[in-house]
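[1] just a sequence and a predicted model for now, questions to come.
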Amino acid sequence: MTFSQKNIISIKDFSKKDIKYILRVAERMEPIARSKETSNLLYGKILGMLFYEPSTRTKLSFETGMKRLGGNVIGFTEAAGSSMTKGENLADTARMVGEYADSIVIRHEMEGAARYVSDLVDVPVINAGDGAGQHPTQTLLDLYTIKRIFGKIKNLNIALIGDLKYGRTVHSLAYALALFNVKMSFVSPKELKMPDEIVHDLNKIDVVARETENIHDVLDKVDVLYVTRIQKERFPDPEEYQKIKGAYLINSELLKGTDLIVMHPLPRVDEIAYDVDSTPNSKYFEQAFYGVPVRMALLKSII
Amino acid sequence: MNKSAKLPRELKVKPIKNGTVIDHISANRALNVLKILGLPNDKSKVTIAMNVLSSQMKNKDIVKIENRELDPQEVDKIALIAPNATINIIRDYDIVEKGKVQLMDEINDILKCPNPNCITNTSEPVNSKFYVINKKAIILRCYFCDRIIDEKSIEFRI
C-alpha cells in the first residue's frame, strides 16, 4: 500500500484497507510517541502548519508527532500572525508554504478549504478541520482509540450522543464506523438529529442506525458512548437548552454498573461531569493522546 | 372590412440562415439556457419561444441563435436544466448537425454552491465544481464542501 504524497482531506477518501493500514502504523509509532524510543524517520523534513482557526489538541499533536519523528514545523496558529491581516488570500499563502515545506496541515473556517489547497500545491495536504466539514485525522484517532481498547472495531455497539446535526466529528465517524460492521445508535434531541443526508448514505450501504432521544434506551447495550457538546446557541429558548442539557449530561451516577467507555473529541464544557474523569469508563484523555501516534502514522506515510 | 383583422394571425418564427436552434427545452427554462450560454450579447441575434405546444413534450421552449454555432461543451452545460434539449446546427437554412444534449460527469463553473460557507463562495480565485452523482433525477455534489444539490434547486443556482 502506498500513501506517499497522498492528500488526507476526507475520511470518505479512505477504504477500510487504508484505515486499517494507518491504524497498524500508528501502533508502531506509539512507543516513539510515548518517548520510549526515538526516531529520525522524518529528519530534515518540514511540516507547514496553516491554522486559520484556534486549535489546541490537533495543532499540538501534529507538532509533537513531527518533532518525535525528527522533523520540524513552520507556520502560524492564528490568522492574526499571518499576512492574511494584510489581505493575502489563502491561495497565495498556501502556494508559498507549499514551496517551503514537505507537507501542509491546514485548519480553516471555510468548508472545502483543504481540498482547494491540495489542488494548488505539489506537497501532500492534511485537513485538520474545515468549518463544519471534515476532520479526518480526528476520525482516525477515534477509531484507533476503540481498536486499542477493545482490540477490534468490528461488531461493537457504539452510540453517538449530543449534537449530531452540526458536529463534524460524528459525521465522519459514522461513515467510518459503517465500514466496520458496527451497530450504531444516534442519541440526540430531535432538533439536533443526524442529518438525513448521512442517514440516507448509511442506509444505502445497508447500515441502519437506531435513532432515539433517550440516552437510557442505549445505556445497557453499548460498548462506547461517543459524547459531543450541545451548544447553547443552537437553542433560541434558554429554558429549552437547560432541559436538554440536563437530559444528556454524563455523570458517574449514570455510568454506575456499566463497563462501557466514554469518548469525547474535546474540548468538553459541561456535558461530561468531572466525576467521570476518575472512573474506569473515561477514555477521553487517552483518546487525546492517541492523536499523536495516529498523526505520526499519517505524516510518516505521506511525506 | 380588412380580412386580416378577422382571422387570428399566427406568429411565425422565421427560419434562421446560419446558427444554432435549441429545441425541446423544458418549458419556461429558455431564459436560464441563455444565461448558461452567456447570452444575450452584442453580437448574437436571439429569438426565444416559450411555452409553445410540442408533440413530444406538451410544452417546450425554443431558442434560436443566429450566426453562432455552439460547440458541444457549451451545449452539454444546458443538459443540467433542459435534459431533453436537441441542438440543430444550421448552415444556409439546412440542418447540418443534429444531436441531443448529454449531461457531463462534472459541472464546472456554472452553478454557485448553496453552502454559504463553501470556499468557492469567497474571494479566492476558484471556480465552482460539482460531480454528477445521479443522472436520472439529477443530484450533484460539491467537489469542495460535499454539499448536495438536487434538481429542484439547480435552477436557482445558475
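    Here it is on my side, so go on. Numbering: from 1, shown residues only, chains lettered A, B, ... in the order given.

[2] contacts and neighbour counts: CA atoms only from here.
    Noted.

[3] so how many other residues sit close to the residue in the stretch 51-200 of chain A that chain B sits nearest to?
    Per Cα to the nearest Cα, A:Gly112 is where the stretch 51-200 of chain A lies closest to chain B, at 4.1 Å. Counted by other Cα atoms under 10 Å in any protein chain shown, the residues lying close to A:Gly112 total 28.

[4] wait, a helix at A:Gly129?
    No: under the criterion used here (DSSP: H, G, I helix; E, B strand; the rest coil), A:Gly129 is strand, not part of a helix.

[5] ok, it - contacts?
    With contact taken as Cα atoms under 8 Å, 6 or more residues apart in numbering or on different chains, A:Gly129 is in contact with A:Ile106, A:Arg107, A:His108, A:Glu109, A:His135, A:Pro136.

[6] surely A:Thr279 touches A:Glu253?
    No: the criterion here is Cα atoms under 8 Å, and A:Thr279 misses it with A:Glu253 at 10.6 Å.

[7] higher neighbour count, the two?
    Neighbour totals were compared for A:Thr279 and A:Glu253, and A:Thr279 leads with 15 against 10 (other Cα under 10 Å).

[8] run through the residues that contact that one.
    Per Cα under 8 Å, 6+ apart, neighbours of A:Thr279: A:Ser252.

[9] secondary structure class of it, three-state.
    Applying three-state DSSP: A:Thr279 is coil.

[10] from chain B, how far off is it?
    39 Å (Cα to the nearest Cα, to the nearest Å).

[11] again, but for A:Asp223
    31 Å.

[12] if you skip the residues just before and after it, what's nearest to that residue?
    Spatial nearest neighbour of A:Asp223, excluding adjacent residues (Cα to Cα, 6 or more residues apart in numbering or on different chains): A:Leu260 at 4.6 Å.

[13] any idea how far A:Val224 is from that neighbour?
    Look at A:Leu260 and A:Val224: by Cα to Cα, to the nearest Å, they are 5 Å apart.

[14] mind listing the helices for the stretch 101-250 of chain A?
    With DSSP state H, counting those that start in this stretch as the criterion, the stretch 101-250 of chain A has helices at A:113-120, A:136-150, A:168-178, A:196-204, A:238-247.

[15] how far does the longest one sit from its chain's centre?
    Same thing as helix A:136-150. 9 Å (Cα atoms, centre = their mean, to the nearest Å).

[16] contact partners of that helix?
    Residues outside helix A:136-150 that contact it (Cα under 8 Å, 6+ apart) are A:8-11, A:19, A:23, A:26, A:127-129, A:152-153, A:169, A:172-173, A:176-177, A:265, A:286-287, A:290-291, A:294-295.

[17] next, the angle from that helix to helix A:168-178.
    Going by axes from the mean of the first three to the mean of the last three Cα atoms, to 10 degrees, helix A:136-150 is angled at 60 degrees with respect to helix A:168-178.

[18] just the buried ones among the contacts of helix A:136-150, please.
    A:8-11, A:19, A:23, A:26, A:127-129, A:153, A:169, A:172-173, A:176-177, A:265, A:287, A:290-291, A:294-295 (16 or more other Cα atoms under 10 Å in any protein chain shown).

[19] the residue lying closest to B:Val46 once chain neighbours are set aside pairs with what?
    Distance criterion Cα to Cα, 6+ apart; nearest residue to B:Val46, sequence neighbours excluded, is B:Ile65 at 4.6 Å. Beta-bridge pairing of B:Ile65 under DSSP bridges involves B:Thr20, B:Val46.

[20] measure B:Ile65 to chain A for me?
    Applying Cα to the nearest Cα to B:Ile65 and chain A gives a distance of 37 Å.

[21] my guess is that residue contacts B:Lys45, does it?
    Yes: using Cα under 8 Å, B:Ile65 is in contact with B:Lys45, at 5.9 Å.

[22] how many residues are close by B:Asp42?
    Other residues near B:Asp42 come to 6 when the count uses other Cα under 10 Å.

[23] so it, which state does it fall into?
    Going by three-state DSSP: B:Asp42 is coil.

[24] middle-most residue in chain A, spatially?
    A:Gln138 (1.7 Å; Cα atoms, centre = their mean).

[25] likewise chain B?
    The residue lying closest to the centre of chain B (Cα atoms, centre = their mean) is B:Val33, at 2.8 Å.

[26] show me what the helix or strand harbouring that residue is packed against.
    Taking DSSP states H and E as the criterion, the element that holds B:Val33 is helix B:30-36. Other helices and strands packing on helix B:30-36, by 3 or more Cα pairs under 8 Å, 6 or more residues apart in numbering or on different chains; DSSP states H and E, are strand B:45-54, strand B:58-66, helix B:72-78.

[27] and those, which is most packed in?
    strand B:58-66 (a mean of 21; mean count of other Cα atoms under 10 Å in any protein chain shown).

[28] what's the angle from that strand to strand B:45-54?
    Using the same axes, to 10 degrees: strand B:58-66 against strand B:45-54 is 160 degrees.

[29] average model confidence for strand B:58-66?
    Strand B:58-66 carries an average pLDDT of 92.

[30] what do you get for stretch B:147-158?
    Averaging pLDDT along stretch B:147-158 gives 81.

[31] quick check: end-to-end length of that stretch?
    Note: stretch B:147-158 ends 16 Å apart using Cα to Cα.

[32] with stretch A:188-207 instead?
    Its first and final residues considered, stretch A:188-207 spans 18 Å by Cα to Cα.

[33] again with stretch A:47-61
    Per Cα to Cα, the first residue of stretch A:47-61 is 13 Å away from its last.

[34] is it up against chain B anywhere?
    No: no part of stretch A:47-61 sits near chain B under the criterion Cα under 8 Å from any Cα of the partner chain; the closest distance found is 13.5 Å.

[35] in the chain, which ranges drop under the pLDDT threshold?
    You didn't say which chain, so I picked chain A. Applying pLDDT under 70 to chain A flags residues A:1, A:79-86.

[36] switch to chain B, that's the one I care about
    Residues of chain B that meet the cut-off, pLDDT under 70, sit at B:1-13.

[37] thinking again about what came up before, and the gap between the residue nearest to B:Val46 and A:Val276?
    Distance from B:Ile65 to A:Val276, by Cα to Cα: 72 Å.

[38] for the stretch 1-150 of chain A, what lies in contact range of chain B?
    Applying Cα under 8 Å from any Cα, we find that the stretch 1-150 of chain A lies next to chain B at A:Asn89, A:Leu90, A:Ala91, A:Glu109, A:Met110, A:Glu111, A:Gly112, A:Ala113, A:Arg115, A:Tyr116, A:Gly131, A:Gly133.
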